[in-house]
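Participant: Quick one, structure for this:
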Amino acid sequence: MLTNKGFTLIETLFVLMIICILSSLSMNLHMPRKSEEVSLAEIESFIREAQFIAMNQKVTITLQFSSHQITYHGSDHEGSYQLPENSYFETHTLTFNEMGHIKGAKTLTYHAPSKNYHFVFQIGSGAFYVQ
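Facilitator: Numbers count the residues shown, from 1 in each chain. All right, here's what the predicted structure looks like:
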């Protein structure tokens with residue numbers, strides 16, 4: 001005696017499709033976001049990388065700050081850093097010479113969702129800190 005107990009192939013595929021859709025929705029809802037401290041550390045590291053390339057390779061590196069990203073470029077080097085959502089810099093250009101120095105002091109404001117941070121570049125040197 002043969003009985004037809006169990007699920008058909010179509011019923012099984014339908015259940016698997018529903019499980020896949022629900023799992024993909026739950027993964028997107030629980031993706032961790034970067035904290036502002038992590039973003040600040042990444043921006044500082046990116047600027048120091050550009051300065052290091054200028055000093056190490058003895059080339060001029062130009063940093064361009066825009067509303068959505070920071071980019072640097074020199075003779076043989078390029079890089080970019082995408083800013084997180086809801087954060088931006090005012091448009092500005094900064095140049096590191098072959099010694100890693102800049103011309104004059106500058107303060108750039110980074111507008112993060114909860115607070116504004118000031119990147120203060122000291123006069124003549126490429127040294128900077130964040131307030």
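Participant: Now do the contacts for the residue nearest to residue 73 when sequence neighbours are not counted.
Facilitator: If the residues on either side of it in the chain are set aside, residue 73 comes closest to residue 62, at 5.9 Å by C-beta to C-beta, 6 or more residues apart in numbering. (C-beta placed from N, C-alpha, C; glycine too.) Residues near residue 62 by C-beta atoms under 8 Å, 6 or more residues apart in numbering: 72-74, 93-96.
Participant: in this structure, which spans are strands?
Facilitator: 61-65, 69-73, 78-82, 88-89, 92-96, 106-111, 116-121, 128-130 (DSSP state E).
Participant: For the second one, which helices and strands make contact with it?
Facilitator: Applying 3 or more C-beta pairs under 8 Å, 6 or more residues apart in numbering; DSSP states H and E, one finds that strand 69-73 makes contact with helix 36-57, strand 61-65, strand 78-82.
Participant: Deepest-packed of these, please.
Facilitator: For the helices and strands packed on strand 69-73, ranked by mean neighbour count under the definition mean count of other C-beta atoms under 10 Å, the leader is strand 61-65 at a mean of 20.
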